[in-house]
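Novice: give me a 3D structure for the following:
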Amino acid sequence: NLIPELQSAIKMLNTELSSKENEYNDTLQKAEHLEEITHDYPVLKDNVEELKLMLKEKNSDIDTLEAKNKDMMGKINSLKQSHNKALRQFAAVTKGNKDYIT
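Specialist: Here you go, the predicted structure:
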């Protein structure tokens, strides 16, 4: 009578033991993965900081280029105005209209 009960209890204990072993292996894998991540973290952090610095430099370069572009547009507009004035003066001289010269 006791033997079937013992066999049943042993089977239940083996199932529980197997489940605990699986849990342990899963936890061990997670711990190893965390260890890898932790090991790589300083390198990744340095890479991120380096990328932030590069981005800051690029933004600075963009700001500089935008300022130069704005300056050049101002010069171009000034040249256009001078050119238009010269054209008006030329037209006035060729028509003989001295009053039109500005």
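Novice: residue contacts, residue 31?
Specialist: Neighbour list for residue 31: empty [criterion: CB atoms under 8 Å, 6 or more residues apart in numbering]. C-beta coordinates here come from the backbone N, C-alpha and C atoms, glycine included.
Novice: tell me which element it falls in.
Specialist: Using DSSP states H and E, residue 31 sits within helix 2-95.
Novice: where does the chain have low pLDDT?
Specialist: For the chain, applying pLDDT under 70 flags the ranges 1, 97-102.
Novice: the same query, at a cut-off of 80, please.
Specialist: Residues of the chain meeting the criterion pLDDT under 80: 1-2, 95-102.
Novice: ok, residue 92 - how many residues close by?
Specialist: For residue 92, the tally of surrounding residues (other CB atoms under 10 Å) stands at 15.
Novice: how far away is it from residue 86?
Specialist: If you measure residue 92 against residue 86 using CB to CB, to the nearest Å, the figure is 11 Å.
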